[in-house]
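Visitor: Please work out how this folds:
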Amino acid sequence: MIKLETERLIIRNFTPEDWKDIAEVAFDYEKSDLAVYDHGPWPSSIEDYKGIAEWFAKGDSFVAVILRNEMKLIGWIAKPRSEKEENEYNFGYIFHSNYHGKGYATESCKTMIRYIFEELQAEKIITGTAKVNEPSNKLLTGLGFSFIGEASQSFRKDSEGKPIEFIGNEYSLSKEEYDKRRE
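Guide: Here you go, the predicted structure:
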C-alpha cells in the first residue's frame, strides 16, 4: 500500500471510486494536441473507466496524485516494473491541464522517484516523451533524467488508419545518478 505525502499532495493507491476523476483527466488529455503522441485513445464509456479504476486499484503500478487542500485527484504516475530488467522501472505521468504549471508534477514525481529508488531498491528508471512535448522534456531533465536517444514511435493512427509517427525522446535515471544529485 502506497501513501506518500508532500506539503501540497497525497500520492496513494487508486480505489475503484476514483473512476470519475480518472475519466475527467483522460477526457481532458484527449482534447490536448499531445494526446496523439501517447497510447490511446482513452475510452469514452463510463463503464470502461470503472474497469480502469478497478484495474489500477489492484496494484501499485499506477498511483493517484491528490491535491491535499481540495482532496481532488489531479493526475497519476505510472511506475510499472520493466519487463527487461528486474531492478528497472518504467515511469510516466499524466495531469489534468487545470493543474499544469503549478509544480504539482515536479513535486509528485520527485516523491515517487525517491520511493522507487529508496523503497523499491530500483537500479534504474526509464521513461520517454514526444520530442515536441517541451514541458515534459523540461520536467524530465529537471528531475535528473539523462537524455539517451531518440526513436521514431507510433501509438495511434490517423483518420485514414495510417500510423501517426513522431520522434520520441528517451531518458534514464540510474540509482548512482540519483544519489549524486542528492549529495
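Visitor: As a check, name the ranges of all helices in this protein.
Guide: Assigned by DSSP state H, the helices in the chain fall at 19-30, 46-57, 104-118, 134-142, 175-182.
Visitor: Quick one, which of those helices gets closest to residue 63.
Guide: For those, the distance to residue 63 is smallest for helix 104-118, at 7.0 Å, taking CB to CB. In short, each C-beta sits where N, CA and C put it, glycine included.
Visitor: Render the CA-only coordinates of the closest one in CSV, please.
Guide: As requested, C-alpha coordinates have been extracted for helix 104-118 and formatted as CSV (Å, rounded to 0.1, in the frame of the first residue of the first chain):
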residue,chain,number,x,y,z
TYR,A,104,2.5,19.5,-8.9
ALA,A,105,4.1,17.2,-11.4
THR,A,106,7.6,18.1,-10.2
GLU,A,107,6.6,17.7,-6.6
SER,A,108,4.8,14.3,-7.0
CYS,A,109,7.4,12.9,-9.5
LYS,A,110,10.3,13.7,-7.1
THR,A,111,8.5,12.0,-4.3
MET,A,112,7.8,8.9,-6.4
ILE,A,113,11.3,8.7,-7.8
ARG,A,114,12.6,8.8,-4.2
TYR,A,115,10.2,6.0,-3.3
ILE,A,116,11.3,3.9,-6.4
PHE,A,117,14.9,4.2,-5.5
GLU,A,118,14.8,4.1,-1.7
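Visitor: Surely residue 95 touches residue 77?
Guide: No - shown here, residue 95 and residue 77 do not form a contact pair, counting by CB atoms under 8 Å, at 9.4 Å.
Visitor: any residues in contact with both of those two?
Guide: Common neighbours of residue 95 and residue 77, counting by CB atoms under 8 Å, 6 or more residues apart in numbering, are residue 65.
Visitor: Could you dump the helices of the chain into TSV and include distance to residue 161?
Guide: Below are those laid out as TSV (distance: least, CB to CB, whole Å):
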stretch	distance to residue 161
helix 19-30	19
helix 46-57	22
helix 104-118	33
helix 134-142	27
helix 175-182	41
